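Enquirer: Below are the sequence and a predicted model for it; my questions follow.
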Amino acid sequence: MLVACGEAQPHLEAIQERGELRVLSRYGLTSYYVKGDTLAGFEYELAQKFAERLNVELKVIVPDNLGNMLRLIEQGQADIAAAGLTVTEQRKDHIRFGPVYHEVTQQLVYKNGTAKPSDITEVVEGQLEVVADSSHVEQLQALHEEVPELLWRENNELDNSGLLELVQLELIDYTIVDSNEMSANQSLFPELRVAFDISEPQFLAWALPLAEDDSLYLELLDFFQELEASGDLDKLIEKYYGHIRRFDYVDTRAVHRRIQTHLPLYKDLFQQAGEIHQFDWHLLAAMSYQESHWNPEAVSSTGVKGLMMLTRATAREMGVTDREDPEQSIFAGAAYLAEMYSRLPEGIAEPDRIWFALAAYNVGLGHLEDARVLAQSAGKDPNLWSDVRESLPLLSKKKWFSQTRYGYARGSEPVRYVQNIRRYLDVLLHFDDTGIASPPQPLDQSLPEAL
């Protein structure tokens, strides 16, 4: 019960008085993790926005497991649980859910190369493990009524990414994850596949303690309504999920191999160039992989060459004498990207600004500006990458490019270019110096006193 902070005091007022919003979450690519030198995650950014709205500090607490998280929020040991929690009837008996903000399906995952089950009856012969106290357990309990021989193990120590790793290592046969988590983790576990959905679409929402006081709940309603109306929720979904395309198994395996065999040769150069131009070196490395697969002697059919695939004109502009020289190529590519970045309109903010800069690197500022004009004329936001990327392919259609200043362009190429770099960046950010995939790193976040 949420009474320790005083029965008469509204929950929202108690948060503002203490100056701290206490949020329970979990480590993972869809929730809360370390990205380079900063904190990131869909749930983390949502919680940060809410804390800013309340003008308080955000304190994120990560319990040992999902069961403890649910118990802690039920007991009022934190204000909110923001962890991609599925709204279920069983959970509604113990916690209160805020507004729905996303939709997922539960998916059965197996390893490529092993027998793919076509339905739940074919899972009974294998070893199935799921996260204890998860909505996946509730779904399996419902399926058990139809398939009594269905058995599974509930793991109280590992999270979804840990169970995905067990499947990849063939220590278990199957696990179940939500569709958004599978998409986010696919590049880290390229051997895994989705066999089928085991649920209908389900809703995600934040959880609050059950209480008669509605102050925090009503504030959350206003918060999410404003996020929806402003488009900020869609922007956040685009930021974390917009670049995830159809999974390319061969391509991802090649990235994993070259991280170990090729990247160490050029990592120091990417880091140096990143420091000079204030770019994350992982971004420059992802960009170079897209350009050349880290092959300094790469040459395209159009004559661009080197690690950063410089044209003769760009090389000349950047003072490059040998496009196949790794140091010259990386430093010139970073400098040219920085130039594109600086010449973009001031109204384009991060994270969209870097995606625009990458698109300009690929297709040129002129064609990018044409696409922005087309987007604006269609009633879309010319400063949002998610809007402009829809207009870029129009530059290859006469009906549209005839209206533009710079004319025809293969507009689909910069869209794929940015999409691929974002995916490679995700992979690079979760590999350690040995070239082995590493899970999100935990932070030292202790549980506070009871509210």
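Expert: Everything's here; your move.

Enquirer: thinking residue 324 is in contact with residue 292, fair?
Expert: No - contact between residue 324 and residue 292 fails when scored by C-beta atoms under 8 Å: they sit 10.2 Å apart. All C-beta spots, glycine's among them, are computed from the backbone N, C-alpha and C.

Enquirer: okay, and the common contacts of these two?
Expert: Shared contacts of residue 324 and residue 292 (C-beta atoms under 8 Å, 6 or more residues apart in numbering): residue 306.

Enquirer: which residue packs closest to the residue nearest the centre of the chain, ignoring adjacent ones?
Expert: Closest to where the C-alpha atoms of the chain average out (C-alpha atoms, centre = their mean) is residue 240, at 3.3 Å. Among residues not flanking residue 240 along the chain, residue 42 sits closest, at 4.6 Å (C-beta to C-beta, 6 or more residues apart in numbering).

Enquirer: residues touching the one you found, list them.
Expert: So residue 42 contacts 30, 31, 84, 236, 237, 239, 240, 241 (C-beta under 8 Å, 6+ apart).

Enquirer: now with 7 Å?
Expert: Going by C-beta atoms under 7 Å, 6 or more residues apart in numbering, residue 42 touches 30, 31, 236, 240.

Enquirer: Take the residues you listed and keep only those in helices.
Expert: Of the contacts of residue 42, the ones assigned to helices by DSSP state H are 236, 240.

Enquirer: ok, which pair from the contacts of residue 42 is furthest apart?
Expert: 31 and 236 (12.9 Å; C-beta to C-beta).

Enquirer: Give me the helices and strands touching the top strand by length along the chain, please.
Expert: Counting residues, the longest strand found in the chain (DSSP state E) is strand 95-104. Strand 95-104 sits against helix 66-74, helix 179-185, strand 202-209, helix 215-230, with contacts defined as 3 or more C-beta pairs under 7 Å, 6 or more residues apart in numbering; DSSP states H and E.

Enquirer: Considering the ones you listed, which stretch scores lowest in mean pLDDT?
Expert: In terms of average pLDDT, helix 179-185 trails the rest of these, at a mean of 85.

Enquirer: How about residues contacting it?
Expert: 28-30, 102, 104-105, 107, 109, 160-161, 164, 194, 241, 244.

Enquirer: and what of stretch 328-343?
Expert: Against stretch 328-343 from outside (C-beta under 7 Å, 6+ apart): 266, 269-270, 273-274, 276-277, 279, 284, 288, 296, 306-308, 310, 314-315, 318, 320-323, 353, 357, 360-361, 365.

Enquirer: Can you say which helix or strand has the nearest residue to residue 374 once chain neighbours are set aside in it?
Expert: Closest residue in space to residue 374, ignoring its immediate chain neighbours: residue 391 at 4.2 Å, by C-beta to C-beta, 6+ apart. Per DSSP states H and E, residue 391 falls inside helix 385-391.

Enquirer: Remind me what that helix packs against, helices and strands.
Expert: Packed next to helix 385-391, using 3+ C-beta pairs under 7 Å, 6+ apart, are helix 352-363, helix 365-377.

Enquirer: what's the spacing between that helix and its chain's center?
Expert: 19 Å (C-alpha atoms, centre = their mean, to the nearest Å).

Enquirer: Ok, stretch 88-102 next?
Expert: Counting by C-alpha atoms, centre = their mean, stretch 88-102 comes out at 23 Å from the chain centroid.

Enquirer: tell me which residues of it are tucked away?
Expert: 88, 91, 95, 96, 97, 98, 99, 101, 102 (16 or more other C-beta atoms under 10 Å).

Enquirer: quick one: the strands in this structure?
Expert: Using DSSP E, strands in the chain cover 20-24, 33-35, 38-40, 57-61, 80-81, 95-104, 106-111, 128-131, 153-155, 174-178, 192-197, 202-209.

Enquirer: Of all these, which one comes closest to residue 227?
Expert: When these are compared (using C-beta to C-beta), the closest one is strand 95-104, at 7.8 Å.

Enquirer: which residues sit against the closest one?
Expert: Counting by C-beta under 7 Å, 6+ apart, 70, 73-74, 87, 178-180, 201-210, 217, 220-221, 224, 233 sit against strand 95-104.

Enquirer: could you redo the last one with a cut-off of 8 Å?
Expert: Under C-beta under 8 Å, 6+ apart, the answer for strand 95-104 is 46, 70, 73-74, 80-81, 84-87, 91, 178-180, 201-211, 217, 220-221, 224-225, 227, 233, 237.

Enquirer: between that strand and strand 192-197, how many degrees?
Expert: For strand 95-104 against strand 192-197, the angle by axes from the mean of the first three to the mean of the last three C-alpha atoms, to 10 degrees is 110 degrees.

Enquirer: where does the protein have low pLDDT?
Expert: For the chain, applying pLDDT under 70 flags the ranges 1-8, 35-37, 242-253, 301-302, 431-451.

Enquirer: and if we set it to 80?
Expert: 1-9, 29, 33-38, 187-188, 234, 238-257, 300-303, 430-451 (pLDDT under 80).

Enquirer: Show me it divided up by domain.
Expert: Per the record, the chain has its domains at 11-100+204-241, 106-200, 249-429, by automatic domain parsing.

Enquirer: Centre of the chain to the shortest one, how far?
Expert: Mean-position distance between domain 106-200 and its chain equals 21 Å (C-alpha atoms, centre = their mean).

Enquirer: repeat for the last one
Expert: Domain 249-429 has its C-alpha centroid displaced from the chain centroid by 20 Å (C-alpha atoms, centre = their mean).

Enquirer: before we move on, what about the first one?
Expert: For domain 11-100+204-241, the distance between its averaged C-alpha position and the chain's averaged C-alpha position is 17 Å (C-alpha atoms, centre = their mean).

Enquirer: How far does that domain stretch from one end to the other?
Expert: In domain 11-100+204-241, first residue to last residue: 33 Å (C-alpha to C-alpha, to the nearest Å).

Enquirer: Adjacent strands (with direction) for the longest strand of the chain?
Expert: Paired strands of strand 95-104, with direction, are strand 202-209 (antiparallel) (DSSP bridges).

Enquirer: circling back: list the contacts for the residue nearest to residue 374?
Expert: Contacts of residue 391 (C-beta under 8 Å, 6+ apart): 371, 372, 374, 375, 378, 380, 411.

Enquirer: What of residue 414?
Expert: 358, 359, 362, 363, 367, 368, 392.
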